[in-house]
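# quick one, fold the following:
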Amino acid sequence: MLYEGVPEDRMVKLLQIALKCIYKSADARPTMSQVAEMIHSLKEEEDSQWRALNPSSKVSSSSSASSPSSSSNLSPNASSPGTAATRQQNSTTIQGRRHFIAGAQTLARARSQSPPSQTLIKSSISSADLAIALEPRDAAPHILKALALDLQGHKIPALKSLDVALSSPQSKTLGPKEKADALIKRAELSLGVGKRRRRVDQAIEDLTEAMKIGERSGKGLGLLGECYEWKGMIEEARRAYEEAIEVDGSMDLVRERLKGLREAAKVGS
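Numbers count the residues shown, from 1 in each chain. Below is the predicted model:
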């Protein structure tokens, strides 16, 4: 699917498709036919870019016949070492993307069941591992593995996978929105493991960066308010909660937390 010389935003687009497949709301998740259509559209776009970048990639038979030296020195199957290496890299990349997409689709199926299917989750993790083995520098399969591990209840291993995804060079394959989403997820997992000062401080750092590089997120702002509240920074927590509700009015838990802060302020005054 991917070719040498094409800008490396493909992993970002594939990650966007995968994340759509694992939305909590079943109504918001695309169907398998829609997923296939999105991937097909992406492939067509890449094919078009490849042709634009390589207008002379196909040699006509007439040009070959008119060049005696080329026909006498090269066999029909001959290729330079560089070309062979490029083909091998392309093949590895394609295989990695296929494993990644298969894992994302399997995880979507697992999440659609109640309770989530452990068999499907394990299959998704296996696909993510295969993609990582082929493309270790891509952040997306590491994030996929983290999401599957989290669904399985293994938060510490999930955190470790996100740490890899958000480190260099993997993080360079993420766009601003995808990186922001990964930072928010890491903060959520970190707080879920246990609210210790080091974890809360790291979560605040992740959430603050996420707000800077991505769109405002109700979930991220709610988590940020929770961190501030835990640290006793009540005014900062109140502002974060209010902004979270402004972004996403459906956040009932955040409303409850904000209400608690206001009531506590009245009692203390």
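# so, low pLDDT: which residues of the stretch 51-200 of the chain?
Residue ranges of the stretch 51-200 of the chain with pLDDT under 70: 51-89.
# try 50
58-78 (pLDDT under 50).
# where is the longest helix in the protein?
helix 81-112 (DSSP state H).
# report the buried residues of it.
Of the residues in helix 81-112, 93, 95-111 count as buried by neighbour count, 16 or more other CB atoms under 10 Å. C-beta here means a position set from N, CA and C on the backbone, and glycine is covered the same way.
# likewise stretch 145-164?
145-152, 154-155, 158-162, 164.
# residues contacting it, please?
Applying CB atoms under 8 Å, 6 or more residues apart in numbering, the contact partners of stretch 145-164 are 22, 103, 107, 110-111, 116, 118, 121-122, 124-125, 128-129, 132, 142-143, 165, 170, 182, 185-186, 189-190, 192-193.
# let's see 7 Å
22, 107, 110-111, 116, 118, 121, 124-125, 128-129, 132, 142-143, 165, 170, 182, 185-186, 189-190, 192-193 (CB atoms under 7 Å, 6 or more residues apart in numbering).
# can you turn the buried part of those into a ChimeraX selection?
Here is the ChimeraX command that selects the buried residues among the contacts of stretch 145-164 (16+ other CB under 10 Å):
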select :22,107,110,111,116,121,124,125,128,132,142,143,165,170,182,185,186,189,190
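# in helices, which of the contacts of stretch 145-164 appear?
Judged by DSSP H, these include 107, 110-111, 118, 121, 124-125, 128-129, 132, 142-143, 165, 182, 185-186, 189-190, 192-193 as members of helices.
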